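1. output the structure for:
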Amino acid sequence: MVAVDSGRVVHRNGVLDFGAGQIREAGFLAARFGVFLTTLIAFFLVEIGDKTQVATAALAAKYQTLLPVIAGTTLGMMLADVPAVWLGKVAATNLPLKLVRSVAAAIFLLLGVIALFAVQFLMGV
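-> Numbers count the residues shown, from 1 in each chain. Below you'll find the model as predicted:
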């Protein structure tokens, strides 16, 4: 069931990213709340119900020591996100934003389609 949800989320993100002109580069939020708070709000909303949250809950249930689980998941997310932020910064300064958005949207859509077909294949549908 997680794969179906992940495929749907990835697919929905791809469609949303393709219509990113409606968002206007999140300029409104950044101008009103600042970059840090805008990022905090965006990540909070996007990560609700994500597979990393499910994995974190499972680890907390298994080990029942919250501080090491919180520290480990936070450090793990930082290690995964830092290269993405760096790559995004490099892409944003060297490539047209419309191209970056289009490529990102295409990748999200492709991953969503692959996830949905993988679920259908595994379920024998």
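
2. list the buried residues of stretch 44-60.
-> Residues T56, L59 are the ones in stretch 44-60 that count as buried (16 or more other C-beta atoms under 10 Å). (Glycine included, C-beta is placed from N, CA and C.)

3. okay, now the unreliable bits of this protein?
-> Across the chain, the ranges flagged by pLDDT under 70 are 1-30, 125.

4. following the helix or strand harbouring L79, which helix or strand comes up?
-> For L79, the host element (DSSP states H and E) is helix 66-94. For helix 66-94, the following helix or strand on the C-terminal side (DSSP H and E) is helix 97-123.

5. how far out from the middle of the chain is that following helix?
-> Relative to its chain's centre, helix 97-123 lies at 13 Å (C-alpha atoms, centre = their mean, to the nearest Å).

6. who does the helix holding L79 touch, helix- and strand-wise?
-> With contacts defined as 3 or more C-beta pairs under 8 Å, 6 or more residues apart in numbering; DSSP states H and E, helix 66-94 has these neighbours: helix 51-63, helix 97-123.
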